[in-house]
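> Structure, please.
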Amino acid sequence: MRALSILLSALLAVTPAFAADPAHYTVYKGSRAVLEIIDRPGPLTSTASRPPNMPAVQHPFLTGSALSAPDENDLSRLLKASTSTADYLKKLEAAGYRIERR
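Next comes the predicted model:
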């Protein structure tokens, strides 16, 4: 029993990211919220309706929900040029967007 306890403690010490909730961000253009981001792989949700029976596009490093149709092309272009959520957030800030962590 003690060996199991030691093993579990060691595993938790090595993998704290799995125990933590992913970071959530709201992206603003001026005072308008234009995007919600969760720092974990998942679906990308557009302001446009998906055709019936078409699954949501899955992204390898973030979950995102667009809130502003006029900004989606710019947001998408910056996302395609990014290699991680942190990189995307930097690109958004450089493009004039404001990011708030929730």
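> and A48, that's in a helix?
No: A48 is assigned coil when assessed by DSSP: H, G, I helix; E, B strand; the rest coil, not a helix.
> how about it, what does it touch?
A69 (CB atoms under 8 Å, 6 or more residues apart in numbering). C-beta coordinates here come from the backbone N, C-alpha and C atoms, glycine included.
> could you measure it against L75, distance?
Using CB to CB, to the nearest Å, one gets 13 Å for the distance from A48 to L75.
> Same question for S46.
10 Å.
> Point me to the helix or strand that includes E72.
Here E72 sits within helix 72-80, counting by DSSP states H and E.
> what does Y25 give?
Assessed by DSSP H and E, Y25 sits inside strand 24-29.
> Outside of that strand itself, list whatever touches it.
33-39, 68, 71, 75, 89, 92, 96-102.
> Name the SS class of the residue nearest to T45 when sequence neighbours are not counted, please.
Closest residue to T45 apart from its sequence neighbours, by CB to CB, 6 or more residues apart in numbering: S65 at 4.3 Å. Per three-state DSSP, the secondary structure class of S65 is strand.
> Contacts only, for S65.
35-36, 44-45.
> which element follows the helix holding E72 toward the C-terminus?
Proceeding N to C from helix 72-80, the next assigned helix or strand is helix 85-94, under DSSP H and E.
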